[in-house]
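Undergrad: Here is my input, please return the structure:
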Amino acid sequence: MKRGLVVGRYWSTRKVDSLPQGALLEVEFPDGSRLIAVDPLGCNEGESVLVAEGSVASHFFGEPFVVVDAVIVGSLDDKSA
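TA: Modelled structure (predicted):
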């Protein structure tokens, strides 16, 4: 998993049927890289999140042939010492 910050939100009016329900959020990582992740949790811009990628992300939805490479799996409330 990677920690990142939600920096944007996208909508898609046309998409393949195997894309699961959820917002499409742009997440920026500490190294400056960004990606679009499916958000089943309802996160907002400015929120710190945990992102799972690859086969872990696609298996998260428990259905075969899900076209997801990144999914937000957690929202971070604070950073403990």
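
Undergrad: From here on, just use CA atoms for contacts and neighbour counts.
TA: OK.

Undergrad: how close does the residue nearest to Gly54 when sequence neighbours are not counted get to Phe60?
TA: Nearest non-adjacent residue to Gly54, counting by Cα to Cα, 6 or more residues apart in numbering: Asp69, 4.8 Å away. The gap separating Asp69 from Phe60 is 10 Å, by Cα to Cα, to the nearest Å.

Undergrad: And for Gly8?
TA: Distance of Gly8 to Phe60, computed by Cα to Cα: 22 Å.

Undergrad: Quick check: next helix or strand after whichever strand in the chain runs longest?
TA: Using DSSP state E to define each element, the chain has its longest strand at strand 2-10. Moving toward the C-terminus from strand 2-10, the next helix or strand (DSSP states H and E) is strand 23-28.

Undergrad: picking that back up, list the residues that contact the residue nearest to Gly54.
TA: By Cα atoms under 8 Å, 6 or more residues apart in numbering, the contact list for Asp69 reads 37, 53-55, 57-58.

Undergrad: again, only using 10 Å
TA: Counting by Cα atoms under 10 Å, 6 or more residues apart in numbering, Asp69 touches 35-38, 52-59.

Undergrad: Flag the shaky bits of this protein, pLDDT-wise.
TA: 18, 79-81 (pLDDT under 70).

Undergrad: and for Asp69 and Phe60, which residues touch both?
TA: Contacts common to Asp69 and Phe60, judged by Cα under 10 Å, 6+ apart, are 52-53.

Undergrad: Now do the contacts for the closest residue to Ala23 other than its chain neighbours.
TA: Using Cα to Cα, 6+ apart and skipping residues adjacent in sequence, the residue nearest Ala23 is Asp39, 5.1 Å away. By Cα under 10 Å, 6+ apart, Asp39 lies in contact with 9, 20-26, 49, 51, 70-74.

Undergrad: Relative to Glu45, how far out is the closest residue in space to Val49 that isn't next to it in sequence?
TA: Counting by Cα to Cα, 6+ apart, the nearest residue to Val49 once its immediate chain neighbours are dropped is Ser75, at 4.4 Å. In this view, Ser75 and Glu45 are 12 Å apart by Cα to Cα.

Undergrad: Need the overlap of contacts for these two.
TA: By Cα under 10 Å, 6+ apart, the residues touching both Ser75 and Glu45 are Leu5.

Undergrad: Many thanks, have a good one.
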